[in-house]
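Q: Structure for the following, please:
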Amino acid sequence: MATVAVDFDGVIHAYSRGWADGTIYDEPVPGAIAGLRTLMRSYSVYIHTSRSPLPVSEWLSEYGISALPETEGQIHEFWNYRGHVLVTQRKLPAIIYIDDRGLRFETWEQTLADLPVLAPGHSLVQEQGGHRDYSARPPRT
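A: Just a heads-up that it's a prediction; the model follows:
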């Protein structure tokens, strides 16, 4: 059975204020709940997040999504169950990863070229004569 991985913040949870105080404070992204239900009819679906799985599972349940939090005592190597989403802090195997901050990898050349465009204000440290140039980094305090 094919598995789809979906990021939580910014893809399901609107996350309009960023991490803020760590609470799950926002409504779903428009279309997120319907989108999850559609995915769940055809695929095994798991939610990956940096948050604790239990509050994410509870939040999803409030919107009618049957969600199971991964716990230390019940670690899954794969998620192959349809009808319930797993919420985990780990990256499990999947055929696709849906994430608002992803960068599609094709080659390293393409990835390094796309990174500054997709992450404005962040630059790569360049090698110069075998030494790293740290001039783009702020001074240490």
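
Q: Please pull out the lowest mean pLDDT helix or strand from the chain.
A: One helix or strand of the chain scores below all others by mean pLDDT, DSSP states H and E: strand 131-133, with a mean of 52.

Q: With just CA atoms, put stretch 116-130 into CSV.
A: The C-alpha trace of stretch 116-130 is given here as CSV (Å, rounded to 0.1, in the frame of the first residue of the first chain):
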residue,chain,number,x,y,z
PRO,A,116,19.1,31.4,-2.4
VAL,A,117,16.1,32.1,-4.6
LEU,A,118,13.8,30.1,-2.4
ALA,A,119,15.3,31.2,0.9
PRO,A,120,15.9,35.0,0.4
GLY,A,121,18.1,36.6,2.9
HIS,A,122,20.2,33.4,3.4
SER,A,123,23.4,32.8,1.5
LEU,A,124,25.8,30.0,1.1
VAL,A,125,29.3,30.2,2.3
GLN,A,126,31.6,30.1,-0.7
GLU,A,127,34.9,28.3,-0.9
GLN,A,128,37.8,30.6,-1.9
GLY,A,129,41.3,29.1,-2.6
GLY,A,130,40.5,26.1,-0.4
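
Q: Would you indicate which residues of it are buried?
A: Residues of stretch 116-130 classed as buried by neighbour count (16 or more other C-beta atoms under 10 Å): none. For glycine as for every other residue, the C-beta is placed from the backbone atoms N, C-alpha and C.

Q: Show me what the mean pLDDT comes to for that stretch.
A: The average pLDDT within stretch 116-130 is 75.

Q: what sits against residue 86?
A: With contacts defined as C-beta atoms under 8 Å, 6 or more residues apart in numbering, the neighbours of residue 86 are 45-47, 67-68, 70, 76, 79, 92.
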